[in-house]
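sequence? don't have it. structure:
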């Protein structure tokens, strides 16, 4: 059996790739949404708590947009076993043990939220490349909004790092 693409992907292969990534993002964001209150509570730096609160709201907005995308492409969410966002979160961001320095947890949170944002940026970019093949401007617009939020979230955490460390990067 030869599953190696021999060139340009067919419409059904593109839709499958798009839906696969949409599922990963959707269920990853749903899981992040559930875990975010605990993560906000663990943060000690006030600006970090505020940034996490903003990321939490972005996740909620993106979940709503992804539900719209499913409807527009006539698909239903399907949770997949391998989800990078869930995996990173389930490892509890490699948080330090209770009693250790709060700074270690804050730095871990900053690091792992940026990793999540980079996963988001890359996945949304891929889906933005695929979406025009269906000529669905609504899907493209929703993806652009999700992508832009993730780029802004990543930049927000660069600024948080600069403030926390006290050094411009």
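Noted; the coordinates are in hand. None of these values were measured; they are calculated from a predicted model.

identify the residues contacting the closest residue in space to residue 149 that isn't next to it in sequence.
Distance criterion C-beta to C-beta, 6 or more residues apart in numbering; nearest residue to residue 149, sequence neighbours excluded, is residue 58 at 4.6 Å. Just so you know, the C-beta spots here come from the backbone N, C-alpha and C atoms, and that holds for glycine as well. Going by C-beta atoms under 8 Å, 6 or more residues apart in numbering, residue 58 touches 149, 150, 153.

try 10 Å this time
29, 32, 117, 120, 145, 146, 148, 149, 150, 152, 153, 156 (C-beta atoms under 10 Å, 6 or more residues apart in numbering).

count the residues that sit near residue 132.
Number of residues near residue 132 (other C-beta atoms under 10 Å) recorded here: 11.

which secondary element of the chain has the worst mean pLDDT?
When the helices and strands of the chain are scored by mean pLDDT, DSSP states H and E, helix 84-90 comes last with a mean of 70.

give the next helix or strand downstream of it.
On the C-terminal side of helix 84-90, the closest following helix or strand by DSSP states H and E is helix 102-130.

mean confidence for that next one?
Average pLDDT, helix 102-130: 90.

list the buried residues for stretch 42-54?
42, 43, 45, 48, 49, 51, 52 (16 or more other C-beta atoms under 10 Å).

skipping its backbone neighbours, what lies nearest the last one in space?
Sequence neighbours aside, residue 40 is the residue nearest to residue 52 in space, at 4.6 Å (criterion: C-beta to C-beta, 6+ apart).

that neighbour contacts residue 50, doesn't it?
Yes - using C-beta atoms under 10 Å, residue 40 makes contact with residue 50 at a distance of 9.1 Å.

circling back to that earlier point, got a pLDDT number for the residue nearest to residue 149?
96.

and the one 5 residues further on, by the same measure?
Reading off the confidence values, residue 63 has pLDDT 97.

between the helix or strand residue 59 falls within and helix 102-130, what angle do the directions make?
If you go by DSSP H and E, residue 59 is part of helix 46-72. Angle between the axes of helix 46-72 and helix 102-130 is 30 degrees (criterion: axes from the mean of the first three to the mean of the last three C-alpha atoms, to 10 degrees).

what about residue 14, distance to residue 71?
19 Å (C-beta to C-beta, to the nearest Å).

between those two, which is the more surrounded one?
Using other C-beta under 10 Å, the more surrounded residue of residue 14 and residue 71 is residue 14, with 16 against 12.

any idea which element that one lies in?
helix 11-42.

who are the packing partners of that helix?
helix 46-72, helix 84-90, helix 102-130, helix 137-165 (3 or more C-beta pairs under 10 Å, 6 or more residues apart in numbering; DSSP states H and E).
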